[in-house]
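>>> coords below, sequence missing:
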């Protein structure tokens, strides 16, 4: 059986790519939540708060991508 070693840089590049795509997906979800907000001011405020949480998570994943060597 042959042991294959994957360079750490390759793994980090893939991690960065994954984190960038996760960040983009979360950001799009935040935009969609705000766009679809309906109802009274309480429901719209809840949607805005939910979108803010999603944007915060998107930024967290973007920071991971930057740390792993990709630009986000």
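Arrived safely, thanks for sending. Small disclaimer: the values here were computed from a predicted structure and weren't measured. Residues are numbered from 1 along each chain as shown.

>>> Counting neighbours, what do you get for residue 54?
20 (other CB atoms under 10 Å). Any C-beta I mention is one placed from the backbone N, CA and C, and that applies to glycine too.

>>> That one and residue 63: what is the separation?
According to CB to CB, to the nearest Å, residue 54 stands 15 Å off from residue 63.

>>> which strands and helices sit next to the worst-scoring helix or strand of the chain on mean pLDDT?
Here the helix or strand of the chain ranked lowest by mean pLDDT, DSSP states H and E is helix 8-35, holding a mean of 92. Taking 3 or more CB pairs under 8 Å, 6 or more residues apart in numbering; DSSP states H and E as contact, the helices and strands that helix 8-35 lies on are helix 41-67.

>>> Let me see the mean pLDDT of the helix it packs on.
Helix 41-67 carries an average pLDDT of 96.

>>> list the buried ones in that helix?
Neighbour-count burial for helix 41-67, with 16 or more other CB atoms under 10 Å as criterion, is recorded at 47, 51, 54-55, 57-58, 61-62, 64-65.

>>> Tell me which residues touch residue 47, please.
For residue 47, the contact set (CB atoms under 8 Å, 6 or more residues apart in numbering) comprises 33-34, 36-37.

>>> hmm, back to that, buried residues in the least confident helix or strand of the chain, which are they?
Judged by neighbour count (16+ other CB under 10 Å), helix 8-35 contains these buried residues: 15-16, 19-20, 22-23, 26-27, 29-30, 33-34.

>>> residues in contact with the residue nearest the centre of the chain?
When CA atoms, centre = their mean is applied to the chain, the residue found nearest the centroid is residue 23 (1.8 Å). Residues near residue 23 by CB under 8 Å, 6+ apart: 58-59, 61-62, 65, 72.
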